[in-house]
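Generate a structure from the sequence data that follows.
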Amino acid sequence: MLENKEISALFHLIDDPDDEVFNSVTERIISHGRAIIPNLENLWENSPDEQVQERIELIIHKLHFRDLVEEFVEWKNGSCELLHGALLVSKYCYPEMIATNTLQEIEKIRRNIWLELNSYLTPLEQVNVISGILFSYYKLKGNEVSYDLPDDFLLTKVIEGKRGNSITNGILYLILCELLDIPAKAINIPRQFILGYFDIDYNFPNAEKMKKDKINFYIDPLNGQVYSQKDVDSYFKRISVPPTPSYYKRMTDKRIIQHLLEEFSKCFIAPSNLYKKNDLLFLAKLLDE
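Numbering: from 1, shown residues only. Modelled structure (predicted):
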């Protein structure tokens, strides 16, 4: 732990009733970086005052969040790998998490799928193999998106509990497809998180020329169900939305993580949790820049 007179003096001011003083103290404490967290944890354990404990928890959260912001900046300026981005979202709630188990489980699923694939399978047969392993063998379950279930938005918890919503199940499905060179991509169908299986010779970067007939079929990552173009056309009629080419545009990995952050933020509407909502929306906005 760090030890000096300044830290001791700052800690004595954590319970100051003046918000300006507390904010100033918080900034000074945060300036010491993560190395001061053990000191804060020790202070929390030895403080009988619940309000002081809450303030300490908030300071520790701000320290972790500052580091997470830096990691998101590095991610968006780097490879923007989907798996890494999803793990960063999980890290918001579990800053000390170790992703080893998650990565090992994903590799096990990938290997089980790979053993069942061969070059003679049709696209539909490939997807049936992936969905069969995920939903029948691995026993992954799907929940409708619910903002009362925040863990459903965290890939690490989805892997741990084998239950997610369409977004996180979809992210897992996309990660596996990427690892296996299967051309399934998330698309912009409104009010849904749906994957499209694209023609393998399609030039993805040329997004302006993307047309819906370049998609062989659609996959619902909530349960692995496959939909035809006719099914999707019927969906547009049902919601009274005219289909446009933009709805069939492939979502970038950065946009997928941004969407995950935006939806995850809706879990935190209670006054005591509004700072979490603001944090997540800040991270989502950061990916715009």
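
can you tell me which residues contact the residue nearest the centre of the chain?
By CA atoms, centre = their mean, the chain has its centre lying nearest to Ala86, at 3.7 Å. Residues near Ala86 by CB atoms under 8 Å, 6 or more residues apart in numbering: 155, 168, 171, 175, 257, 260. Where C-beta positions appear, they are placed from N, C-alpha and C, glycine not excepted.

Now the fifth one: closest residue in space, sequence neighbours ignored.
Think Ile257. Gly85 (3.8 Å; CB to CB, 6 or more residues apart in numbering).

before we move on, the earlier item: including secondary structure and neighbour count, could the contacts of Ala86 go into TSV?
Compiled in TSV, the contacts of Ala86 are given as follows (DSSP: H, G, I helix; E, B strand; the rest coil; neighbours: other CB atoms under 10 Å):
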residue	secondary structure	neighbour count
Leu155	helix	26
Thr168	helix	30
Ile171	helix	27
Ile175	helix	19
Ile257	helix	26
Leu260	helix	25
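
Columns pLDDT and distance to Ser24 on top of the residues you listed, output as TSV?
Output for the contacts of Ala86, formatted as TSV (pLDDT from 0 to 100; distance: CB to CB, whole Å):
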residue	pLDDT	distance to Ser24
Leu155	98	37
Thr168	98	39
Ile171	98	40
Ile175	98	44
Ile257	98	34
Leu260	98	35
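
Among these, which pair sits farthest apart?
Ile175 and Leu260 (12.8 Å; CB to CB).

Give me the distance from the lowest-mean-pLDDT helix or strand in the chain to the chain's centre.
For the chain, counting by mean pLDDT, DSSP states H and E, helix 5-12 ranks last in confidence among helices and strands (a mean of 83). For helix 5-12, the separation from the chain centroid amounts to 37 Å (computed by CA atoms, centre = their mean, to the nearest Å).

And stretch 116-134, by the same measure?
26 Å.

Now do the buried residues in it.
Neighbour-count burial for stretch 116-134 flags 117, 123, 126-127, 129-131, 133-134 (criterion: 16 or more other CB atoms under 10 Å).

From the contacts of Ala86, pick the one nearest Glu81.
Nearest member of the contacts of Ala86 to Glu81, counting by CB to CB, is Ile175, at 9.1 Å.

what's the nearest residue to that closest one if we skip its chain neighbours?
Per CB to CB, 6+ apart, closest to Ile175 is Leu83, 5.0 Å.

ok, that neighbour - how many residues close by?
Number of residues near Leu83 (other CB atoms under 10 Å) recorded here: 20.

Spell out, range by range, the helices that occur in the protein.
5-12, 19-30, 37-45, 50-77, 82-93, 100-116, 123-131, 155-161, 166-179, 229-238, 253-265, 274-286 (DSSP state H).

deepest of these, which one?
Highest mean neighbour count of the helices of the chain: helix 166-179, a mean of 23 (counted as mean count of other CB atoms under 10 Å).

now the angle from that one to helix 123-131?
Taking axes from the mean of the first three to the mean of the last three CA atoms, to 10 degrees, one finds helix 166-179 and helix 123-131 inclined to each other by 110 degrees.

from the chain's centre, how far out does stretch 61-69 sit?
With CA atoms, centre = their mean, you get 17 Å for stretch 61-69.

now do stretch 58-69
Using CA atoms, centre = their mean, the offset of stretch 58-69 from its chain centre is 18 Å.

which intervals of the stretch 101-250 of the chain have sub-threshold pLDDT?
Residues of the stretch 101-250 of the chain meeting the criterion pLDDT under 70: 200-213.

Next, count neighbours for Val145.
19.

So it is in contact with Glu262, correct?
No: using CB atoms under 8 Å, Val145 is not in contact with Glu262; the gap is 11.8 Å.

separation between Ala9 and Arg28?
Distance of Ala9 to Arg28, given as CB to CB, to the nearest Å: 9 Å.

re earlier: between the helices of the chain, which one is closest to Tyr247.
helix 229-238 (8.1 Å).

elements contacting that closest one?
strand 215-220 (3 or more CB pairs under 8 Å, 6 or more residues apart in numbering; DSSP states H and E).

what are the pairing partners of the strand it packs on, and which direction each?
Using DSSP bridges, strand 215-220 pairs in its sheet with strand 194-198 (antiparallel), strand 225-227 (antiparallel).
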